[in-house]
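>>> the amino acid sequence is not available; the structure is as follows:
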């Protein structure tokens with residue numbers, strides 16, 4: 001009897017090289033024997049090349065629904081509709097799907113033509129696409145990888161379709177074949193807000209490389225603190241952390257990885273008044289991230305308590321540090337406390353009431369940092385992507401049953 005090969009279609013609106021969660025999902029599905037399709041939008045030919053390199057030859061069918069790297073009529077039309085969607089919110093408070101992303105109707109049309117056995121929708125625009133697919137009787141799951149309706153600071157909310165996002169999140173959580181999110185804390189908040197069953201949790205972890213964890217590295221002064229993101233900018237906790245460092249009697253360096261505007265770079269440099277050095281690096285390719293981070297001493301998982309998404313989620317960054325073998329300085333958001341307190345891989349700080357004496361004592365104690373590093377290794381193994389992958393594949397199996 002011939003084995004049935006199920007077709008799974010992943011819908012996203014960004015590049016794989018900019019969303020490791022989607023990449024890990026796609027590779028897990030293809031390795032498990034599913035036929036995998038992926039729909040996304042293109043913003044850069046360079047990023048398309050990076051996406052293909054990350055797939056490493058795996059037979060995943062990718063279709064670019066909107067290609068904004070081209071200067072043709074279709075990309076012009078997609079941009080125009082998106083701009084109209086933004087202007088309708090700004091001047092008339094009229095929220096439409098065109099404010100969520102590019103080419104929503106084309107996403108829906110092409111999704112239906114694929115005739116997948118299961119669709120998995122990520123991010124804002126795919127919430128809208130998935131809701132339409134559900135209403136058409138198709139089998140759809142949703143990954144609420146961020147609390148999109150609560151992911152902006154107050155000044156930016158006025159230009160976003162917040163009511164539409166809330167409606168779509170509620171619909172996804174109630175009507176998806178299954179739904180997932182990034183932490184138990186966020187799952188609980190989504191359940192309370194939308195009066196639905198808690199979504200399942202798939203942590204943003206990575207596959208452990210034991211060779212990296214086993215690297216023996218002595219803590220030498222100055223202690224090298226590292227923070228990374230695609231973009232280095234305001235509202236990420238850097239200013240608050242630098243102000244704390246300015247008041248500490250510790251011998252440290254601050255290393256920042258990511259794209260940064262020259263104006264903000266100067267602002268960061270002006271904030272430093274204690275004389276420690278800050279170093280800036282361009283973004284690091286996904287495949288080199290763990291090796292790069294392992295060269296530093298301590299990872300900075302410094303998140304603000306606002307917006308609410310930052311309070312309750314656990315980002316890729318947190319697990320990337322741990323699985324690069326680093327101890328962590330982490331702010332005490334509810335999401336990060338959820339996993340931090342189980343293993344104690346470093347020290348928690350509170351931006352509202354920073355215990356500067358405790359932080360200075362920890363940074364000046366190589367033995368404490370070494371113990372935290374050992375705890376970090378235990379945590380890395382506990383949250384190995386191999387374990388999270390099993391949870392994901394069980395959900396997909398359930399959805400196809």
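Okay, I see it. Computed from a predicted model, the values in this text were never measured in an experiment.
>>> residue 103 and residue 78 touch, don't they?
Yes - look at residue 103 against residue 78 with CB atoms under 8 Å: they come within range, at 5.0 Å. The way it works is simple: take the backbone N, C-alpha and C, and place the C-beta from them, glycine included.
>>> could you check which of the two has the larger neighbour count?
Applying other CB atoms under 10 Å to residue 103 and residue 78 shows that residue 103 carries more neighbours, namely 25 against 21.
>>> contacting residues around that one?
41, 65-66, 78, 81 (CB atoms under 8 Å, 6 or more residues apart in numbering).
>>> how about the closest residue to residue 43 other than its chain neighbours, what does it touch?
Excluding its sequence neighbours, the residue lying closest to residue 43 (CB to CB, 6 or more residues apart in numbering) is residue 68, at 5.3 Å. Shown in contact with residue 68 (CB under 8 Å, 6+ apart): 41-43, 75, 78-79, 102.
>>> hey, where'd the helices end up in the stretch 151-300 of the chain?
154-157, 162-175, 184-194, 210-213, 238-246, 262-271, 289-293 (DSSP state H, counting those that start in this stretch).
>>> how many residues are close by the closest residue to residue 22 other than its chain neighbours?
Closest residue to residue 22 apart from its sequence neighbours, by CB to CB, 6+ apart: residue 12 at 5.0 Å. Applying other CB under 10 Å, we find 27 residues neighbouring residue 12.
>>> ok, residue 12 to residue 338 distance?
Computed as CB to CB, to the nearest Å, the residue 12 to residue 338 distance reads 26 Å.
>>> coming back round to it: and the contacts of residue 103, which is closest to residue 224?
residue 41 (36.9 Å; CB to CB).
>>> shouldn't that closest one be within a helix?
No - secondary structure of residue 41 (DSSP: H, G, I helix; E, B strand; the rest coil): strand, not part of a helix.
>>> picking that back up, buried ones among the contacts of residue 68?
41-43, 75, 78, 102 (16 or more other CB atoms under 10 Å).
>>> which one is residue 347 nearest to, not counting chain neighbours?
Distances taken as CB to CB, 6+ apart put residue 362 closest to residue 347, at 4.7 Å, once the chain neighbours are dropped.
>>> pretty sure that neighbour contacts residue 368?
Yes - Residue 362 is in contact with residue 368 according to CB under 8 Å; the separation is 5.3 Å.
>>> give me the more crowded residue out of the two.
Between residue 362 and residue 368, residue 362 has the larger neighbour count (other CB under 10 Å), namely 19 against 16.
>>> return the member of the contacts of residue 68 nearest to residue 289.
Of these, the one sitting nearest to residue 289 (CB to CB) turns out to be residue 43, at 20.5 Å.
>>> can you tell me how far that closest one is from residue 34?
Per CB to CB, residue 43 is found 27 Å from residue 34.
>>> buried residues in the helix or strand encompassing residue 65?
Per DSSP states H and E, residue 65 falls inside strand 61-67. Buried residues in strand 61-67, counted by 16+ other CB under 10 Å: 62, 64-67.
>>> low pLDDT regions in the stretch 151-300 of the chain?
154-156 (pLDDT under 70).
>>> helices along the stretch 301-401 of the chain, start to end?
So, for the stretch 301-401 of the chain - with DSSP H, counting those that start in this stretch - the helices run 308-312, 316-322, 334-343, 356-363, 366-382, 385-400.
>>> return the most buried member of the ones you listed.
helix 316-322 (a mean of 25; mean count of other CB atoms under 10 Å).
>>> show residues contacting that one.
Against helix 316-322 from outside (CB under 8 Å, 6+ apart): 20-21, 203-206, 226, 228-229, 289-290, 293, 299, 301, 328, 330, 336, 339, 345, 376, 379-380, 383.
>>> also stretch 392-401?
Contacts for stretch 392-401 (CB under 8 Å, 6+ apart): 6, 8, 25, 28-29, 32, 34, 117-118, 120, 139, 141, 177-178, 180, 200, 202.
>>> if you set the cut-off to 7 Å instead, what comes out?
6, 8, 25, 28-29, 32, 117-118, 139, 141, 177-178, 180, 200, 202 (CB atoms under 7 Å, 6 or more residues apart in numbering).
>>> cool, and stretch 151-168?
Under CB under 7 Å, 6+ apart, the answer for stretch 151-168 is 86, 89-90, 95, 99-100, 124, 127-128, 131, 148-149, 235, 306-307, 309.
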